[in-house]
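K.L.:
Build me a model:
(one chain, ligands or ions: 2)
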Amino acid sequence: MTEDVDSSVRVMDIGQRMPMANNLQIRPLRAGRGAQVFSQARLPSRHGELQIVSFIDDAGRTLDDVAIVRGDVRGRAEVPTRLHSECLTGDVFGSYRCDCRDQLELALQRIARGEAGIILYLRQEGRGIGIAQKVRAYHLQERGLDTVEANLHMGFDDDLRDYSVAAAMLRALEVGSVVLHTNNLRKVAGLQQGGVDVVCREPLIAEVREQNRRYLATKRDKSGHLL
Ligand SMILES: Nc1nc2c(ncn2[C@@H]2O[C@H](COP(=O)(O)OP(=O)(O)OP(=O)(O)O)[C@@H](O)[C@H]2O)c(=O)[nH]1
Ligand SMILES: [Zn+2]
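P.N.:
Numbering: from 1, shown residues only. Ligands and ions are numbered 1, 2, ... in the order given. As a prediction, this is how the structure comes out:
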């Protein structure tokens, strides 16, 4: 079952909040994709008191994707939400090749400030190609290709990510609506298509460094990120 993208987006006049464009080509939602909460536990952290929530899919299989949740999000409107695609090199090892770690930190700081918030940690390493192929992509980038060219050279699409699982996780958490922290309109469209009410988008701009300048320029120029 597919749902039309909601074009009746409420434009909010607060700070940097942005209305959303709905002009992207959207892939159909995978039929019947659903998730249920499997388990949850407290996660006291440097960003305050959080919860970690795990999920199972329709077939009862556990998901590797998890939600980091602050406060009570059930039925709540405009929950600050981040979809974070796994980046082992950035998230764990602090690589400067990308902006992932800075964005994750920023998102955690933002949800720590408020009463409620969600970070979905999605196991979509390397925009879906996996860590082994991402290292190969980095190798090709050292030979002159950009991020997109490297993926295409290896025979992949530039971005293999699918956000239907993220939408299913948010539905399972029973959030009323979300404010999505991203520069990537595909994430907005993916959630809307999965039946999540995305009220508006907030940009999440990380520091530009010498080592990630080309990476960020490619995101802006070739991948349609609003940077
Ligand atoms: N294939 C590939 N993936 C990369 C590369 N650099 C980072 N990634 C992956 O890209 C993903 C991060 O996505 P981004 O495109 O940076 O940002 P985004 O999450 O789509 O958009 P925002 O929500 O605005 O941050 C992570 O899964 C990283 O592992 C690269 O050079 N090649
Ligand atoms: Zn990264």
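K.L.:
Now the helix or strand of the chain with the lowest mean pLDDT: buried residues?
P.N.:
Every helix and strand of the chain was ranked by mean pLDDT, DSSP states H and E. The lowest is helix 213-222, at a mean of 83. Neighbour-count burial for helix 213-222, with 16 or more other C-beta atoms under 10 Å as criterion, is recorded at Tyr215, Leu216, Thr218, Lys219. C-betas here are computed from N, CA, C, even on glycine.
K.L.:
In three-state terms, label the residue nearest to the last one when sequence neighbours are not counted for me.
P.N.:
When you say that, I think you mean Lys219. For Lys219, ignoring the flanking residues on the chain, the nearest one in space by C-beta to C-beta, 6 or more residues apart in numbering is His225 at 4.1 Å. Of the three states, His225 takes coil under DSSP: H, G, I helix; E, B strand; the rest coil.
K.L.:
Can you tell me how far His225 is from His47?
P.N.:
Going from His225 to His47 by C-beta to C-beta, to the nearest Å gives 25 Å.
K.L.:
more neighbours, these two?
P.N.:
A count of neighbours by other C-beta atoms under 10 Å puts His47 above the other of His225 and His47, at 19 against 16.
K.L.:
who touches the residue of the chain positioned farthest from its centre in this structure?
P.N.:
Residue farthest from the centre of the chain, counting by C-alpha atoms, centre = their mean, is Arg143 at 28.8 Å. For Arg143, the contact set (C-beta atoms under 8 Å, 6 or more residues apart in numbering) is empty.
K.L.:
try it again with 10 Å
P.N.:
Going by C-beta atoms under 10 Å, 6 or more residues apart in numbering, Arg143 touches Ala150, His153.
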